[in-house]
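Undergrad: what would the 3D arrangement of this be:
(one chain, ligands or ions: 2)
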Amino acid sequence: MEEEDECPELVPIKEKSTGPTAQIPVTIITGYLGAGKTTLLNYILTEQHNKRIAVILNEFGEGSALEKSLAVSQAGELYEEWLELRNGCLCCSVKDNGLKAIENLMEKKGKFDYILLETTGLADPGAVASMFWVDAELGSDVYLDGIVTVIDAKYGMQHLTEEKPEGLINEAARQIALADLAIINKTDLVNESEMVELRGMVRSINGLGKILETQKSRVDLSQVLDLHSFDTKDGIRLAEKLQLVKTSQPHLDKSMLTITFEVPGSVSEDLLNIFIQGIFSIQHKQKKVMLQGVHELYELDETSECWADHEPRINRLVFIGQRPPHLPDCPESLW
Ligand SMILES: Nc1nc2c(ncn2[C@@H]2O[C@H](COP(=O)(O)OP(=O)(O)OP(=O)(O)O)[C@@H](O)[C@H]2O)c(=O)[nH]1
Ligand SMILES: [Zn+2]
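TA: Residues are numbered from 1 along each chain as shown. Ligands and ions are numbered 1, 2, ... in the order given. Okay, here's the model as predicted:
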């Protein structure tokens with residue numbers, strides 16, 4: 001009889017040993033756009049942990065070269081790989097590229113002993129997690145330690161209750177459903193009754209995972225790393241968890257897409273009063289400025305990097321948003 005091909009073989013988790021053959025734990029950090037994933041990643045890298053951590057980040061256009069330099073400068077020796085996610089469909093590319101990124105990292109095996117993988121805000125962590133399960137070769141090198149979902153205290157409820165077109169998944173809910181640890185971040189932006197409501201909502205979506213509340217994603221690292229969420233003896237197994245994924249639509253909201261704009265020159269700071277994200281060259285400022293926006297909130301962070309004398313000053317904007325209805329389904333062909 002033909003096997004149901006939706007049900008891949010479970011890769012057995014080997015006994016953990018020491019030395020170069022030991023499997024490397026991977027923690028998936030997910031969460032909706034702007035929730036605080038990169039903040040958590042940077043926090044982990046700068047805390048005391050006696051680990052050599054490699055990171056895999058999404059690449060949203062060239063802009064994340066900045067995020068990269070932030071992570072690297074803060075952590076000293078660091079091995080990083082990038083998920084190339086430019087314009088186009090987010091959920092399709094994340095799995096293939098995630099696999100490639102981990103394989104690339106594995107060529108530097110022995111130089112690190114932990115991997116943190118930050119997904120895009122719109123990724124289905126189930127799709128990323130399942131690559132540990134279906135790829136036997138990968139399964140012998142690494143194991144999935146846990147899925148950590150960062151939730152925006154201020155906008156989380158809005159993301160969770162957003163009506164999606166029929167048949168589409170609410171990514172924010174999926175990310176929480178799959179979490180081994182849910183971190184409700186940005187508690188400084190909400191009052192206690194909003195927290196109670198959101199906490200209740202998170203608990204109703206995920207009855208088993210641990211829930212923590214943070215500001216600036218500052219969390220006790222022992223609560224995040226080495227969770228061993230999928231070890232057979234304790235807790236839910238990955239296979240069971242991914243049932244959630246299997247029974248639902250393979251694709252996330254195709255009405256979302258990303259578009260990168262590049263504009264040479266310098267801009268007036270006063271004119272930046274809109275929801276945007278990117279790197280800017282601001283008049284009279286020596287350093288590159290990073291702009292991050294979530295809904296109507298945004299921040300301008302002066303970075304440590306100066307514009308070089310000969311470097312063309314280019315403003316780069318990455319928009320992530322609703323696809324106009326007249327665009328066809330698969331954006332890859334458009335760019
Ligand atoms: N007020 C407040 N802002 C925060 C907190 N944590 C993070 N931020 C800010 O929220 C913004 C988004 O944080 P990131 O860590 O980049 O979020 P992200 O989830 O990595 O975002 P994407 O990768 O773009 O999806 C940044 O400007 C952070 O400085 C917090 O606890 N309180
Ligand atoms: Zn897709």
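
Undergrad: tell me how far residue 281 lies from residue 177.
TA: Here the criterion is CB to CB, to the nearest Å. By it, residue 281 lies 42 Å from residue 177. Bear in mind the C-beta positions are built from the backbone N, C-alpha and C, glycine included.

Undergrad: do residue 109 as well
TA: 33 Å.

Undergrad: tell me which of the two has more neighbours.
TA: residue 177 (23 against 14; other CB atoms under 10 Å).

Undergrad: is it correct that that one is in contact with residue 206?
TA: Yes - if you go by CB atoms under 8 Å, residue 177 and residue 206 touch, sitting 5.6 Å apart.

Undergrad: C-alpha coordinates for stretch 181-196, CSV please?
TA: The C-alpha coordinates for stretch 181-196 follow below in CSV (Å, rounded to 0.1, in the frame of the first residue of the first chain):
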residue,chain,number,x,y,z
LEU,A,181,7.0,29.3,25.1
ALA,A,182,4.9,32.4,24.4
ILE,A,183,6.4,35.7,25.4
ILE,A,184,4.0,38.6,25.7
ASN,A,185,6.4,41.5,25.0
LYS,A,186,6.0,45.3,25.3
THR,A,187,4.0,45.1,28.5
ASP,A,188,5.0,48.8,29.0
LEU,A,189,2.5,49.7,26.3
VAL,A,190,-0.6,48.3,27.9
ASN,A,191,-2.6,48.4,31.1
GLU,A,192,-3.4,45.4,33.4
SER,A,193,-6.9,44.8,32.0
GLU,A,194,-5.5,44.6,28.4
MET,A,195,-2.9,42.2,29.7
VAL,A,196,-5.5,40.0,31.3
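
Undergrad: does it reach ligand 1?
TA: Yes - using CB under 6 Å from any ligand atom, stretch 181-196 reaches ligand 1 at 185, 186, 188, 189.

Undergrad: repeat for stretch 110-124
TA: Yes - Stretch 110-124 reaches ligand 1 (CB under 6 Å from any ligand atom) through residue 121.

Undergrad: quick check: buried residues in that stretch?
TA: Neighbour-count burial for stretch 110-124, counted by 16 or more other CB atoms under 10 Å, picks out 112, 114, 115, 116, 117, 118, 119, 120, 121, 122, 123, 124.

Undergrad: now residue 55, what's its secondary structure?
TA: Counting by DSSP: H, G, I helix; E, B strand; the rest coil, the backbone at residue 55 sits in strand.

Undergrad: neighbours of it, how many?
TA: 28.

Undergrad: partner residues bridging it?
TA: residue 80, residue 116 (DSSP bridges).

Undergrad: wait, isn't it in contact with residue 41?
TA: Yes - using CB under 8 Å, residue 55 is in contact with residue 41, at 6.3 Å.

Undergrad: where does the chain have low pLDDT?
TA: Applying pLDDT under 70 to the chain flags the ranges 1-21, 58-99, 131-139, 166-169, 231-261, 269-279, 290-304, 316-335.

Undergrad: helices of that one, start to end?
TA: Counting by DSSP state H, the chain has these helices, from start to end: 37-46, 64-75, 90-106, 125-134, 136-141, 156-161, 171-177, 192-205, 238-241, 243-246.

Undergrad: would you mind confirming that residue 153 is in contact with residue 198?
TA: Yes - counting by CB under 8 Å, residue 198 is a contact partner of residue 153 at 6.3 Å.
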